[in-house]
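Asker: 3D model of this:
(2 chains)
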Amino acid sequence: MMSKILEVKDLHVSFKTYKGEVKAVRGVDFHLNKGETIAIVGESGCGKSVTSQTIMRLIPNPPGVIKQGEIIFEGTDLTKASEKQMEKIRGSEISMIFQDPMTSLNPTLTIGTQIMEGLIKHQKLDKKTAREKAIEMLRLVGIPSPESRLDQYPHQFSGGMRQRAMIAIALACQPKVLIADEPTTALDVTIQAQIIDLMKALQEKTGTSIILITHDLGVVADIADRVVVMYAGKVVESGKLEEIFYQPKHPYTWGLLGSMPRLDLSRDQELLPIMGTPPNLLDPPQGCPFAARCQHAMSICTQEMPELDEVSSTHQVACWLQHPMAPEVKPPTAAVGGK
Amino acid sequence: MLRYTLKRLGYMVVTLWLIITITFFIMHLLPGTPLKNEEKIPPQVREQILEQYGLKDPLPVQYVKFMGNLLQGDLGKSMTLDGRNVADFIVEGFPVSAFVGSQAVIFGTLIGLLLGTIAGLNRGKLVDNAAIIVAVLGVSVPSFVMGGFLSYFVGVKLQWLPTGLWESYESSILPSLALSFGVIAQISRYVRTEMVEVLDQDYMKTAKAKGLNRSTVIIRHALRNALIPAVTVLGPLAVNIITGSLVIEQIFALPGLGKFFVQSIQQNDYTMIMGVTVFYSALIIIVIFLVDLLYGLIDPRIRISGAKE
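Answerer: Below is the predicted model of the structure:
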């Protein structure tokens, strides 16, 4: 039995706006085991970034509020931790990589300074040792001639190099958990693959657990052990990688898989986009949030939110189609392949 | 970097020459002569005086003579003030203006920075609104109102500080204070706006995600980026204040440089106008150059691209 390092229980996060309360995260449960990689997938605005930033307590308050729920990290509930405690955890226990490396580094400080900051703060290193450690980190993330690169500024780095530098910053203090919020979205495809390979290699070396936030299922297939599918602030399906890719149960997961080009499908197989748009989270529907876009929606779907049911001990789904009284529906070929 | 600096120096000389030349010719287009009560002076005397100052020569000849003297460091003699050297007035008046002005700029910048930062960090809250009110007041209340107000209340009513003259250090406090309000207003406005913008940047989140404490995040990561536009306005603002404010120097009876600007123009004191212009332009050009160098210190992107040129 693997031990859980991080567990999110029934998390609700809202943003107070002039128009009212935007319920961005509405009861999210998942856990992360030691040394594993989970991927949180879903389209833009489904609450995946909010969830990850809430774990780090980086949601600006106001307007963001944690309404209820727990985030248990090594026995402590992070939702109740003080700002001082969080400062100790951020960067040393849990680190984060952001989406856009072009804007995530401070343009007025050298790369070295930005890597050394965390080391000096958390590991109480002196400048000289921190510098050596920073050079080591840059070498580790594959930046050539790190000694001279250390004193350069972010604008002298290319996009891929900056993301490598971001990873160096995040991993400098050997955190137990790394949250990567769409780390490859802003990069060229070839660089994307390099960054994912780098993350995989570093995970093998350091044993860090990774939460990968993405909407790129190709990346997910490459790196994740388990997948959590989110929609409109809720987890709609979660399971092992193979379960999600080969036995998906939720029509939204079918939609995600069906809209992704795959090599194992015939050329004539058209991609299947998900029609419509996600619901407005100012006033979320009372039933299943996906009902309005779901081809298989039944009358109960619009009235009541289905519970997260176990398909197997590792695979859960929240869909009325799983109910014994529901008609049998087969996933579309575009989603699961023509086998 | 050296090449960039040399190039800049070249441009500075050309700019200064252009300013001097344009001012010289425009000045001579002004009606009248430097002579007081011109109509009462007998024509022969008048001719003689004009001859003496070289004003009878054709304009281009006067220009060449002026430039020749200037290159030798001679600004000439005033045409109205007892024929004393223009340079003497500058040497006498500038230190007073510069002292009062520098004090105002330094004090104003520090307070402006503080106010702007606090306002930016508390956007939309009471502190922010209070800072905006201060800024609006600082910009819109003329310095003579501020000067008069301070002089009356602090000087006359409370008798804490001298109301005028240039006698001791205390004499400089009220005029500096009166001048600093404008600086506070300008700097705080720029810093606030920029601070609000910088706080929303992704790299602020990165800094926070490293576990740095709030003050490090703000001072090291936010403030430095927020300073860039403030530095731009600071240069010209500083020159403006350091070279002396006519109004403030009148209110507090300071023997500064400010009054010569206005007097010399009113009286067509050609040498004085030119002397003050040369001095003022040289100063502002130098300060703008320094600001550009300072820019490079704050923002590495400018430093590097400048060096590549």
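Asker: use CA for all of it now, contacts and neighbours both
Answerer: Fine.
Asker: could you give the bridge partners of A:Leu178?
Answerer: In this entry, A:Leu178 is beta-bridged to A:Ser95, A:Ile210, by DSSP bridges.
Asker: what segments of chain A are helices?
Answerer: Secondary structure of chain A (DSSP state H): helices at A:48-55, A:83-89, A:111-122, A:127-140, A:146-149, A:159-171, A:189-206, A:217-223, A:241-246, A:251-258, A:333-336.
Asker: quick one: distance of the fifth one to the chain centre.
Answerer: When C-alpha coordinates are averaged (CA atoms, centre = their mean, to the nearest Å), helix A:146-149 and its chain have centres 31 Å apart.
Asker: which elements pack onto that helix?
Answerer: Judged by 3 or more CA pairs under 8 Å, 6 or more residues apart in numbering or on different chains; DSSP states H and E, helix A:146-149 is in contact with helix A:127-140.
Asker: okay, the angle between the helix it packs on and helix A:111-122?
Answerer: Calculated by axes from the mean of the first three to the mean of the last three CA atoms, to 10 degrees, helix A:127-140 forms an angle of 120 degrees with helix A:111-122.
Asker: please identify the deepest-packed of the helices of chain A.
Answerer: Comparing the helices of chain A by mean neighbour count (mean count of other CA atoms under 10 Å in any protein chain shown), helix A:159-171 ranks first with a mean of 26.
Asker: need the contact list for A:Glu243.
Answerer: Going by CA atoms under 8 Å, 6 or more residues apart in numbering or on different chains, A:Glu243 touches A:His315.
Asker: distance of it from A:Met166?
Answerer: Taking CA to CA, to the nearest Å as the measure, A:Glu243 falls 32 Å from A:Met166.
Asker: for B:Gln44, same thing?
Answerer: Distance from B:Gln44 to A:Met166, by CA to CA: 84 Å.
Asker: just to revisit the earlier point, I'd like to know which of the helices of chain A lies nearest to A:Met230.
Answerer: Set against A:Met230 and scored by CA to CA, the helices of chain A come closest in helix A:48-55, at 6.9 Å.
Asker: for the closest one, give me every contacting residue.
Answerer: With CA under 8 Å, 6+ apart, helix A:48-55 has contacts from A:13, A:24-25, A:40-42, A:59, A:66, A:71, A:78-79, A:179, A:181, A:213, A:230, A:233.
Asker: just give me how far it sits from the chain centre.
Answerer: With CA atoms, centre = their mean as the basis, helix A:48-55 stands 8 Å off its chain's centre.
Asker: pretty sure A:Pro183 is touching A:Gln99, no?
Answerer: Yes - at 4.8 Å, A:Pro183 counts as touching A:Gln99 under the criterion of CA atoms under 8 Å.
Asker: residues of stretch B:163-177 that come out buried?
Answerer: Within stretch B:163-177, the residues that count as buried by 16 or more other CA atoms under 10 Å in any protein chain shown are B:163-164, B:166, B:171-177.
Asker: check stretch B:186-205 too.
Answerer: Within stretch B:186-205, the residues that count as buried by 16+ other CA under 10 Å are B:186-196, B:198-199, B:202-205.
Asker: go on, stretch B:253-267?
Answerer: With burial defined by 16+ other CA under 10 Å, the residues of stretch B:253-267 counted as buried are B:254-261, B:264-265, B:267.
Asker: now it: mean pLDDT?
Answerer: Per-residue pLDDT over stretch B:253-267 has a mean of 79.
Asker: distance between the ends of it?
Answerer: Stretch B:253-267 end-to-end distance (CA to CA) = 21 Å.
Asker: what's the answer for stretch A:135-154, then?
Answerer: 15 Å.
Asker: does stretch B:225-240 come close to chain A?
Answerer: Yes - in terms of CA under 8 Å from any CA of the partner chain, part of stretch B:225-240 sits within range of chain A, namely B:Asn225.
Asker: contacts for that stretch, please.
Answerer: With CA under 8 Å, 6+ apart, stretch B:225-240 has contacts from A:108, B:101-102, B:105, B:183, B:187, B:190-191, B:194-195, B:198, B:283-284, B:287-288, B:291, B:294-295, B:298-299.
Asker: buried members of those into PyMOL, please.
Answerer: Those of those that count as buried under 16+ other CA under 10 Å are selected in PyMOL with:
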select buried, (chain A and resi 108) or (chain B and resi 101+102+105+183+187+190+191+194+195+198+283+284+287+288+291+295+298+299)
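Asker: filter the contacts of stretch B:225-240 down to just the ones in helices.
Answerer: Using DSSP H, the contacts of stretch B:225-240 in helices are B:101-102, B:105, B:183, B:187, B:190-191, B:194-195, B:198, B:283-284, B:287-288, B:291, B:294-295, B:298.
Asker: near chain A too, which of these?
Answerer: B:Ile298.
Asker: any idea which helix or strand carries B:Asn225?
Answerer: According to DSSP states H and E, B:Asn225 maps onto helix B:224-242.
Asker: residues of that helix that come out buried?
Answerer: So for helix B:224-242, counting by 16+ other CA under 10 Å, buried means B:224-228, B:230-239, B:241-242.
Asker: mean confidence for it?
Answerer: Helix B:224-242 comes out with an average pLDDT of 83.
Asker: got it, and stretch B:21-33?
Answerer: 84.
Asker: need the contact partners of that stretch.
Answerer: B:63, B:267-270, B:274, B:277.
Asker: in PyMOL, select just the buried ones from these.
Answerer: Selection of buried members from the contacts of stretch B:21-33 for PyMOL, criterion 16+ other CA under 10 Å:
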select buried, chain B and resi 267+268+269+270+274+277
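Asker: now render the contacts of stretch B:21-33 as JSON lines, adding secondary structure and distance to chain A.
Answerer: JSON lines is the format used below for the contacts of stretch B:21-33 (DSSP: H, G, I helix; E, B strand; the rest coil; distance: CA to the nearest CA, whole Å):
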{"residue": "B:Tyr63", "secondary structure": "helix", "distance to chain A": "48"}
{"residue": "B:Gln267", "secondary structure": "coil", "distance to chain A": "51"}
{"residue": "B:Asn268", "secondary structure": "coil", "distance to chain A": "50"}
{"residue": "B:Asp269", "secondary structure": "coil", "distance to chain A": "49"}
{"residue": "B:Tyr270", "secondary structure": "helix", "distance to chain A": "48"}
{"residue": "B:Met274", "secondary structure": "helix", "distance to chain A": "42"}
{"residue": "B:Thr277", "secondary structure": "helix", "distance to chain A": "37"}
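Asker: contacts only, for A:Pro154.
Answerer: A:105-107, A:109-111, A:162.
Asker: same thing with B:Arg224?
Answerer: Contacts for B:Arg224 (CA under 8 Å, 6+ apart) come out as A:108, B:298.
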